[in-house]
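In: Dropping the sequence and predicted coords here.
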Amino acid sequence: MTSAQDIRPRQDELAAQAQYFSTSPNASFHSPSSHGSALTRTIPLPNAKHLKPFATEDIKVLLLENVNQTGRDILSQQGYQVEFLKSSLPEDQLIEKIRDVHVIGIRSKTKLSARVLKEAKNLIVIGCFCIGTNQVDLQYAADHGIAVFNSPFSNSRSVAELVIAEIIVLARQLGDRSNEMHAGTWNKVSNGCWEIRGKTLGIIGYGHIGAQLSVLAESMGLSVIFYDVVNLMALGSARQVDSMEAFLSEADFVSCHVPELPETKGMIGAKQFEQMKKGSYLINASRGTVVDIPALIDAMRSGKIAGAALDVYPNEPAGNGDYFNSELNSWGADLRSLKNLILSPHIGGSTEEAQSAIGVEVAQALTRYVNEGTTLGAVNLPEVALRSLTMDEPDHARVIYIHQNIPGVLRKVNEIIGDHNVDKQMTDSRGDVAYLMADISNVNTTQIKDLYTSLESLPSRIQTRILY
Ligand SMILES: NC(=O)C1=CN([C@@H]2O[C@H](COP(=O)(O)OP(=O)(O)OC[C@H]3O[C@@H](n4cnc5c(N)ncnc54)[C@H](O)[C@@H]3O)[C@@H](O)[C@H]2O)C=CC1
Ligand SMILES: O=C(O)C(=O)COP(=O)(O)O
């Protein structure tokens, strides 16, 4: 039986490893072949039940934006050092903190730009505890061997349910009536208030959220049409409309569910409001940049649009209690003055169910990546996995080699590892970056160090890790 003590490396082993790897190349982070030495430390863990590449207590994790307790627990139980903050950080503070950490967990607010990631010398993986990954420079991360994971659908239902609520609230001007009652005014009206039965909901972006919304809306008597750049199977009686103009002219409610992309920025602007039905409604719970807010304000003031619900904004405050101000957004005050406009603080995915599931899903992906190198579900690297290495055999090692996707690399890598018995190997590429994982046997510690040095010296190298 292996005791908990057995799976920790001895202090003298740690010291020897640290010394060995402190001599590894440590040039500037700009070069793909120059990640910090902490990434490539190989700590032997004989008899460990699960493969652990580092002394787990060396792994530093920074969690921002109030990541759910479920995720915090999973990471802490690994023995990692977990620092948890409730809000996001201003860029200068983020840069200070990110320098140190191997793992960062964020939600939709924290921008991990190339400028920030350039400072992240020890970072091997980013967990987006949300769906969207537009806040991360995915290409920069891939080019530097930093994997990015997200939770592709754990909060989709929560968003769809919120939108259903908003459709009814807008149709009945319920937000305004509630505000009036809070202010002490009784204002019983039916003018401009409608049932949703028989009306048409137009969904832009028929992905995970759009499709959930479609099913819920039909069950409440709405007809559903959708617009998407991809030809998709319509659920129930929903119908895809190919032209945006035809789509907009038919819908009573338009709800946006596209990712933030160059093509979706400002996709609903003055021209699109012009094409919408008079008295129709707009809902945006996707990303703040998708809707041109000054154009929305104009369309609502003119009476073209009878109501709108916004959950997301081009600039969002860093944390709870912060002022949703007009200094950040010149139109902030104008928005707050409009009638039948629901403003919510980016809560589409904020339910207990969604956050708890996301915490588990992303924390597990991070743990698998750190401990085993598995990239299944990564959004910016090729997806590679091998069945678990049996640690009962101490002469086994797992080689993880992230490299530029150029001709001749595999031949060179296999020349290096080919002196040993390669039990299994998998390699895949995505754009300019390739990921190789190989389990080798009949290899001792000295040979592993030689392997590491040889792999590091290849010009194609982005990152080498050897787990044993
Ligand atoms: N308010 C909130 O709290 C939340 C917001 N979101 C946002 O919602 C977005 C959508 O989420 P999912 O449905 O999971 O994404 P998804 O990737 O499953 O679906 C997006 C759909 O949009 C389509 N699309 C892409 N570009 C388009 C374009 N130019 N025109 C028309 N359609 C286009 C895609 O083909 C796809 O079918 C996320 O990217 C995220 O930004 C997600 C979760 C929570
Ligand atoms: O999942 C997403 O993409 C969201 O927009 C939800 O973001 P949040 O986790 O609430 O910051």
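Out: Yep, that arrived. Ligands and ions are numbered 1, 2, ... in the order given.
In: Backbone dihedrals for the residue of the stretch 101-250 of the chain found nearest ligand 1, please?
Out: Nearest to ligand 1 in the stretch 101-250 of the chain, going by Cβ to the nearest ligand atom, is residue 207, at a distance of 1.7 Å. Where C-beta positions appear, they are placed from N, C-alpha and C, glycine not excepted. The phi/psi pair for residue 207 (degrees, to the nearest 10) reads phi -90, psi -140.
In: What parts of the stretch 251-400 of the chain come near ligand 1?
Out: Counting by Cβ under 6 Å from any ligand atom, the stretch 251-400 of the chain comes close to ligand 1 at 257-261, 263-264, 285-287, 311-312, 346, 348-349.
In: ranges for the helices of the stretch 151-300 of the chain?
Out: All helices of the stretch 151-300 of the chain, identified by DSSP state H, counting those that start in this stretch, fall at 156-171, 174-182, 208-219, 244-250, 270-275, 293-301.
In: hang on, the earlier thing: counting neighbours, what do you get for the residue of the stretch 101-250 of the chain closest to ligand 1?
Out: Other residues near residue 207 number 18, with proximity taken as other Cβ atoms under 10 Å.
In: Spit out the contact partners of the closest residue to it other than its chain neighbours.
Out: What sits nearest to residue 207 in space, not counting adjacent residues and going by Cβ to Cβ, 6 or more residues apart in numbering, is residue 257, at 6.4 Å. Residue 257 sits next to 159, 203, 204, 205, 206, 207, 209, 210, 213, 285, 286 when contact means Cβ atoms under 8 Å, 6 or more residues apart in numbering.
In: Count the neighbours of residue 68 for me.
Out: Applying other Cβ under 10 Å, we find 21 residues neighbouring residue 68.
In: got the residues of the stretch 301-450 of the chain near ligand 2?
Out: Counting by Cβ under 6 Å from any ligand atom, the residues of the stretch 301-450 of the chain near ligand 2 are 346, 349, 350.
In: so how far is residue 87 from whichever residue of the stretch 251-400 of the chain sits closest to ligand 1?
Out: At 2.7 Å from ligand 1, residue 348 is the closest residue in the stretch 251-400 of the chain, using Cβ to the nearest ligand atom. Noted for residue 348: a distance of 18 Å to residue 87, by Cβ to Cβ, to the nearest Å.
In: Which one's more surrounded, these two?
Out: residue 348 (26 against 16).
In: can you tell me how far that one sits from residue 321?
Out: Separation of residue 348 from residue 321 (Cβ to Cβ): 20 Å.
In: now swap in residue 416 and tell me
Out: Remark: distance between residue 416 and residue 321 (Cβ to Cβ) = 55 Å.
In: out of the two, which sits in the busier spot?
Out: Neighbours per residue (other Cβ under 10 Å) separate residue 416 from residue 321, with residue 416 holding more: 18 against 7.
In: Please verify my assumption that that one contacts residue 451.
Out: Yes: using Cβ atoms under 8 Å, residue 416 is in contact with residue 451, at 6.2 Å.
In: Name the SS class of residue 61, please.
Out: strand (DSSP: H, G, I helix; E, B strand; the rest coil).
In: Can you get me a residue count around it?
Out: Other residues near residue 61 come to 25 when the count uses other Cβ under 10 Å.
In: thought it was touching residue 75?
Out: Yes: contact criterion Cβ under 8 Å: residue 61 and residue 75 qualify, at 5.3 Å.
In: Name the residues contacting each of those two.
Out: Common neighbours of residue 61 and residue 75 (Cβ under 8 Å, 6+ apart) are 82, 103, 105, 366.
In: Just send these back as TSV, with neighbour count and pLDDT too.
Out: Compiled in TSV, those are given as follows (neighbours: other Cβ atoms under 10 Å; pLDDT from 0 to 100):
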residue	neighbour count	pLDDT
82	22	98
103	24	97
105	28	98
366	28	98
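In: Now the two most distant members of those residues.
Out: Greatest spatial distance among these (Cβ to Cβ): 82 and 366, at 10.9 Å.
In: got the CA coordinates for the top helix by length along the chain in PDB?
Out: Once the chain is assigned using DSSP state H, the helix that runs over the most residues is helix 352-372. Provided in PDB are the C-alpha atoms of helix 352-372 (Å, rounded to 0.1, in the frame of the first residue of the first chain):
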ATOM      1  CA  GLU A 352     -25.900  27.700  -8.500                       C
ATOM      2  CA  GLU A 353     -26.300  24.700 -10.800                       C
ATOM      3  CA  ALA A 354     -24.200  26.200 -13.600                       C
ATOM      4  CA  GLN A 355     -21.400  27.500 -11.400                       C
ATOM      5  CA  SER A 356     -21.100  24.300  -9.500                       C
ATOM      6  CA  ALA A 357     -20.900  22.200 -12.600                       C
ATOM      7  CA  ILE A 358     -18.400  24.600 -14.300                       C
ATOM      8  CA  GLY A 359     -16.200  24.500 -11.200                       C
ATOM      9  CA  VAL A 360     -15.900  20.700 -11.400                       C
ATOM     10  CA  GLU A 361     -15.500  20.500 -15.100                       C
ATOM     11  CA  VAL A 362     -12.800  23.100 -15.500                       C
ATOM     12  CA  ALA A 363     -10.900  22.200 -12.400                       C
ATOM     13  CA  GLN A 364     -10.800  18.600 -13.500                       C
ATOM     14  CA  ALA A 365      -9.500  19.600 -16.900                       C
ATOM     15  CA  LEU A 366      -6.800  21.700 -15.300                       C
ATOM     16  CA  THR A 367      -5.800  18.900 -13.000                       C
ATOM     17  CA  ARG A 368      -5.600  16.300 -15.800                       C
ATOM     18  CA  TYR A 369      -3.500  18.700 -17.900                       C
ATOM     19  CA  VAL A 370      -1.000  19.500 -15.000                       C
ATOM     20  CA  ASN A 371      -0.700  15.900 -13.800                       C
ATOM     21  CA  GLU A 372      -1.000  14.000 -17.000                       C
END
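In: mean confidence for the next helix or strand after it?
Out: Next along the chain after helix 352-372, taking DSSP states H and E as the criterion, comes strand 397-404. Strand 397-404 shows a mean pLDDT of 94.
In: What is strand 397-404 packed up against?
Out: Helices and strands touching strand 397-404, by 3 or more Cβ pairs under 8 Å, 6 or more residues apart in numbering; DSSP states H and E, are helix 409-417, strand 433-441, helix 445-457, strand 461-467.
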